[in-house]
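1. Only the shape, not the letters, is given here:
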């Protein structure tokens, strides 16, 4: 298979799935992940965690041409996961019933997705987390646009920080990640792009070497076919997706 040459790939997945599919996804996760799933008090939260983790393992297995159970993770001090013995980078985020993933063979990546929901004090939220320039840009918007814009700004910041792998040790107020007149921004060599994650969601992806790249809509894993015998995912047309750049 020929590598597409794209710096990274974006994927989405539904988390509220039929029981039969949930069982298939649960079969992909590790015993440790299963234990973690059991810690959720609400069944919905547990099922969404299982689905998000199972989808991720399927996706990474397809990229590595292996078995989902053989995918092994390690996390750094900032809690960013990475793969053991592989150059494939990835990042994942989930909100409500949707997960967003990014994979790349060439750049570190960070993604974030947020369901837009009511905030009692949007201005107070902005003062706590956004830079002065971002606060000014938000205040200049019509009141009806500020809520969605604040979630987009937050998603941009989260994607960048997650890409760095430093957790929340970086002050979110100290860098500009969003403006109202551009779908991307640059911070210390990283480019942060807004991602179309569908109505009611704000999403972003961050990476290096992405200045001339335009993110396509994420490929929905729910619309693909998974072959456990080969560890690959395919479009329903039979076109294989994923794989290493050498293939």
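-> Alright, I've got the coordinates. All values reported here derive from a predicted model rather than from experimental measurement.
2. what bits of the chain have low per-residue confidence?
-> Applying pLDDT under 70 to the chain flags the ranges 1-5, 228-231, 235-247.
3. all helices for it, in order.
-> When assigned using DSSP state H, the helices of the chain occupy the ranges 19-26, 31-37, 43-64, 122-129, 132-139, 143-164.
4. Out of those helices, flag the one nearest residue 196.
-> helix 143-164 (11.3 Å; C-beta to C-beta). Backbone N, C-alpha and C define where each C-beta goes, glycine included.
5. If you count neighbours, what's buried in that closest one?
-> In terms of neighbour count (16 or more other C-beta atoms under 10 Å), helix 143-164 has its buried residues at 146-147, 149-164.
6. got it, and stretch 112-131?
-> 112-114, 116, 122, 125-126, 129-131.
7. quick one: that stretch to chain centroid distance?
-> Counting by C-alpha atoms, centre = their mean, to the nearest Å, stretch 112-131 is centred 19 Å from the centre of its parent chain.
8. which residues touch it?
-> 93-96, 98-100, 134-135, 138-139, 146-148, 150-151, 153-159, 162, 172-178, 195, 197, 200-204 (C-beta atoms under 8 Å, 6 or more residues apart in numbering).
9. first vs last residue of that stretch, how far apart are they?
-> For stretch 112-131, the separation between the terminal residues is 19 Å (C-alpha to C-alpha, to the nearest Å).
10. ok, residue 174 to residue 129 distance?
-> Separation of residue 174 from residue 129 (C-beta to C-beta, to the nearest Å): 11 Å.
11. before we move on, back to that, between the helices of the chain, which one is closest to residue 105.
-> Closest to residue 105 of these, according to C-beta to C-beta: helix 43-64, at 8.4 Å.
12. what packs against the closest one?
-> strand 9-14, helix 19-26, helix 31-37, strand 89-95, strand 98-104, strand 232-235 (3 or more C-beta pairs under 8 Å, 6 or more residues apart in numbering; DSSP states H and E).
13. residue contacts, the nearest residue to residue 169 once chain neighbours are set aside?
-> Nearest non-adjacent residue to residue 169, counting by C-beta to C-beta, 6 or more residues apart in numbering: residue 78, 7.0 Å away. Contact analysis of residue 78 by C-beta under 8 Å, 6+ apart lists 164-167, 169.
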